[in-house]
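Participant: Next input, structure requested:
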Amino acid sequence: MMMKTLLFFMICLNKGHMGDVAAVAGITGGSVISCVYDPENVKIRDGAKSFCKMLGSECKTVTEVKNDLWIPEERFSMTDDKTLSQINVLIRNLTVNDSGTYRCKVDSKWFQEVKINVEQESCCGTSEEQTAYTLGTAVIHCKYPEKYKNNLKHLMKVQNGSLVSIIQIYGGSTTIERFSLSDNEQEHVLTATIANVSEHDDGVYFCGIYEKLIYASLFTEIRLHVSVSGHSFCLSL
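Facilitator: Residues are numbered from 1 along each chain as shown. The predicted structure is shown next:
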């Protein structure tokens with residue numbers, strides 16, 4: 001079992017405004033950073049995009065546009081969602097050594113800067129592979145830091161290179177179609193249930209919370225494999 005804690009940042013730019021800077025506090029494990037660009041700016045929309053880290057006066061490229069946001073064998077991966085006009089960057093196995101200044105770039109110019117201060121988090125956060133079966137039930141248990149007990153919590157899925165919220169909750173429990181989410185605030189455990197599993201449920205999920213308007217913390221990553229069988233499968237993380 002590989003221990004991780006994940007963090008999702010959403011940085012929005014005003015149309016045509018370049019050089020914005022956002023400062024965020026991260027926690028060890030991983031992160032997804034999103035830089036939104038102006039779809040009417042042809043140079044940015046059609047240019048070669050990359051993500052780099054400042055080392056002295058140089059900005060060293062750590063990733064360029066990939067076909068998928070989640071690439072298990074790579075620590076950095078990046079997608080360009082032209083529908084949302086948004087760059088998404090996933091950093092896996094984030095450590096305190098990853099603290100620093102990063103930039104979203106197009107060609108040789110940067111248009112979004114993010115300063116990340118990574119703090120050690122010993123509480124929780126796991127990365128696991130799980131098998132579920134068609135017509136069965138998948139149950140995911142996600143531990144979270146006590147400081148997040150009053151936050152709105154989400155089950156999210158990687159779809160088309162972006163992170164999409166499937167269901168959310170403010171304490172208690174809720175159900176939307178086949179998806180249920182419950183929050184044990186005493187034990188600091190979030191439980192997500194997927195009923196009547198289908199092949200379309202195969203993919204990568206995250207448990208997490210949005211914090212402020214700039215970013216959201218993701219504390220569990222689940223790679224769900226769906227197989228054809230009559231069994232249901234549960235995994236505690």
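
Participant: can we go C-alpha only for contacts and neighbour counts from here?
Facilitator: OK.

Participant: any idea of the pLDDT on the residue nearest to residue 75 when sequence neighbours are not counted?
Facilitator: Counting by CA to CA, 6 or more residues apart in numbering, residue 75 lies nearest to residue 92, which is 4.6 Å off, once chain neighbours are set aside. Here the pLDDT value assigned to residue 92 is 77.

Participant: right, and residue 92 touches residue 73 too?
Facilitator: No: applying CA atoms under 8 Å, one finds residue 92 not in contact with residue 73, separated by 9.6 Å.

Participant: Once you drop chain neighbours, what's closest to residue 89?
Facilitator: Nearest non-adjacent residue to residue 89, counting by CA to CA, 6+ apart: residue 78, 4.3 Å away.

Participant: element containing the one you found?
Facilitator: strand 76-81 (DSSP states H and E).

Participant: And residue 129, by the same measure?
Facilitator: When elements are assigned from DSSP H and E, residue 129 belongs to strand 126-133.

Participant: Tell me which helix or strand comes right after that strand.
Facilitator: Counting by DSSP H and E, what follows strand 126-133 is strand 138-143.

Participant: Tell me how this protein divides into domains.
Facilitator: 2-119, 129-206+222-236 (automatic domain parsing).

Participant: can you redo those as CSV with mean neighbour count?
Facilitator: Below are those laid out as CSV (neighbours: other CA atoms under 10 Å):
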stretch, mean neighbour count
domain 2-119, 18
domain 129-206+222-236, 17
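
Participant: Averaging pLDDT over each of those, report the lowest-scoring one.
Facilitator: Lowest mean pLDDT within the domains of the chain: domain 2-119, at a mean of 79.

Participant: who does the lengthiest strand in the chain touch, helix- and strand-wise?
Facilitator: The longest strand of the chain (DSSP state E) is strand 215-227. Packing partners of strand 215-227 (3 or more CA pairs under 8 Å, 6 or more residues apart in numbering; DSSP states H and E): strand 6-11, strand 126-133, strand 138-143, strand 203-211.

Participant: Would you check that residue 218 makes contact with residue 190?
Facilitator: No: the pair residue 218 and residue 190 fails to qualify as a contact (CA under 8 Å) at a distance of 12.0 Å.

Participant: Now for those two: what residues contact both?
Facilitator: By the contact definition CA atoms under 8 Å, 6 or more residues apart in numbering, residue 218 and residue 190 are jointly contacted by residue 207.

Participant: Quick check: beta-bridge partners of residue 81?
Facilitator: Residue 81 has these beta-bridge partners by DSSP bridges: residue 86.

Participant: show me where this structure has helices.
Facilitator: Secondary structure of the chain (DSSP state H): helices at 42-46.

Participant: so who does residue 88 touch?
Facilitator: By CA under 8 Å, 6+ apart, the residues touching residue 88 are 32-35, 69, 78-81, 161-162.

Participant: So the residue lying closest to residue 76 once chain neighbours are set aside versus residue 37, what's the distance?
Facilitator: Nearest residue to residue 76, sequence neighbours excluded (CA to CA, 6+ apart): residue 91, at 4.7 Å. Noted for residue 91: a distance of 20 Å to residue 37, by CA to CA, to the nearest Å.

Participant: likewise residue 109?
Facilitator: The gap separating residue 109 from residue 37 is 13 Å, by CA to CA.

Participant: And residue 192, by the same measure?
Facilitator: 33 Å.

Participant: Please apply the same query to residue 47.
Facilitator: The gap separating residue 47 from residue 37 is 12 Å, by CA to CA.

Participant: Residue 193 now?
Facilitator: Applying CA to CA to residue 193 and residue 37 gives a distance of 35 Å.
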